[in-house]
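Chemist: Sequence below, structure please.
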Amino acid sequence: MHRSRLIELLAKKKAGSISLKEQFELSKWLQGNEDDKDLAGRIDELFGLEYGPERTDEDRKGREKSWNRIVRSMHSENGGGPPVPKVRRIFTWRRIIPLSVASVVLLCVAGTWYWHSVGKEARTRQNIVGTEKGSRSKLTLPDGSRVWLNGDSRISYGASFGKNSRELTLTGEAYFDVAGDPNHPMIIRTATVTIKVLGTAFNVRAYPEEKTTATTLVKGKVQVSVNHKKQLSYMLSPDEKLIVSNDSGLPEEMNDKRPKEGKLQENITKIKIIKTDSIPAEAQWIKNKLVFLNQPLHEVANILSSWYGVSVIVQGDADMKARRYTGIFENQNIQSVMESLQVAGGFNYKMKNDTILIAP
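Modeler: Sure thing, here's the model as predicted:
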């Protein structure tokens, strides 16, 4: 390994920004090179003394002693060299001149830069919380807002979330119960829409493989803006649902039979929800209820895939894929659900391992 690469990896390790691949590279090299392994240990010792609290003369002496040990090891590695200057209590970088210790100086400079620059970057790094197919999760954000994540979903937000701003990105489906903060509205970004809220509860379904992104408001108010057409912005009131086509070039044909206010644009539809529960059907999944509400078979297949962690493939013609289903299932396994859907839809299905094939 080239000396500059070793310095880079050691500095990244001290900054806490080393990747798993780089950590493996460094560990593998140090295992086969005892001199560099010893040097890395001494650098750990030096940085611990240099950046830790310095309260006594003994602490300062320990730092100087550690530095001199590193310098001596470098001289030894280079087959001798000029005498090692005694490092004074006040660290003066220009006093450490010998070329044989240049790499050590570079390491310490690089380490300092990483501590202050890359370390800062690490503090602003995104937090990512996600679920796999077949699983659901609930979490509380730093501002006190609660989020339920459906299967195969994730949110990401910065380390400063809740302090100066409340912005996050969503892929998949989530139910939000947002803590009120008039000075810092929450901004939720998806691939298709951006949602601005103060304190409210609502559901967002934004899976990239589906045709639409749907925002369903339970209480409060939200403002939904269409990303590709900034001038399109809509306020939702409780029990309203806004559906936006993920493909801006194609109109979304909505056949939902519930009362609706009609199409606002050719690919945007607002629906008035008739609730039979405090939580609309679109958000019943947070109660562990699997709900289909007049949805086509291809959408049902996507929901089953994320809910049970399986692959559901629909064969057959367009009419079969467009056939709509309504049902509520609670704590039922995939086979029970498929049997019920088969009776209602008149199709056949086969299950093999983690794949379900639906055919005429």
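
Chemist: Show me where the stretch 151-300 of the chain has its helices.
Modeler: Using DSSP state H, counting those that start in this stretch, the helices of the stretch 151-300 of the chain run over 297-308.

Chemist: which residues in it form strands?
Modeler: Assigned by DSSP state E, counting those that start in this stretch, the strands in the stretch 151-300 of the chain fall at 154-157, 166-177, 186-189, 193-197, 201-206, 212-219, 222-226, 229-236, 240-245, 260-265, 268-272, 289-296.

Chemist: Where among those strands is average confidence lowest?
Modeler: Among the strands of the stretch 151-300 of the chain, strand 260-265 has the lowest mean pLDDT, at a mean of 52.

Chemist: so how many other residues sit close to the residue nearest to residue 154 when sequence neighbours are not counted?
Modeler: Excluding the flanking residues, the one nearest residue 154 by CB to CB, 6 or more residues apart in numbering is residue 130, at 3.2 Å. The C-beta positions use only the backbone N, C-alpha and C, and glycine is treated the same way. Using other CB atoms under 10 Å, residue 130 has 14 other residues around it.

Chemist: Begin at 499 from now on, thanks
Modeler: Yes, from this point I'll number from 499; that puts the last item at residue 628.

Chemist: how much space between residue 628 and residue 649?
Modeler: As judged by CB to CB, to the nearest Å, residue 628 and residue 649 stand 10 Å apart.

Chemist: With residue 663 instead?
Modeler: As judged by CB to CB, residue 663 and residue 649 stand 29 Å apart.

Chemist: Residue 851 now?
Modeler: From residue 851 to residue 649 the distance is 18 Å (CB to CB).

Chemist: Among these two, which residue is more densely surrounded?
Modeler: residue 649 (21 against 7).

Chemist: what's near enough to touch residue 654?
Modeler: Contacts for residue 654 (CB atoms under 8 Å, 6 or more residues apart in numbering) come out as 624, 625, 626, 627, 666, 667.

Chemist: Low-confidence stretches in the stretch 749-858 of the chain?
Modeler: 749-764, 774 (pLDDT under 70).

Chemist: Can you get me the start-to-end distance on stretch 687-703?
Modeler: This stretch, stretch 687-703, spans 12 Å end to end (CA to CA, to the nearest Å).

Chemist: before we move on, what about stretch 822-838?
Modeler: Start-to-end, stretch 822-838 (CA to CA) is 14 Å.

Chemist: Mind listing what's buried along that stretch?
Modeler: 822, 823, 827, 832, 835, 836 (16 or more other CB atoms under 10 Å).

Chemist: Inside strands: which ones of the residues you listed?
Modeler: Among the buried residues of stretch 822-838, DSSP state E puts 822, 823, 827 in strands.

Chemist: In space, what's closest to residue 731 - neighbours in sequence excluded?
Modeler: residue 723 (4.5 Å).

Chemist: Could you double-check that the one you found sits in contact with residue 692?
Modeler: Yes. Counting by CB atoms under 8 Å, residue 723 touches residue 692, with 4.8 Å between them.
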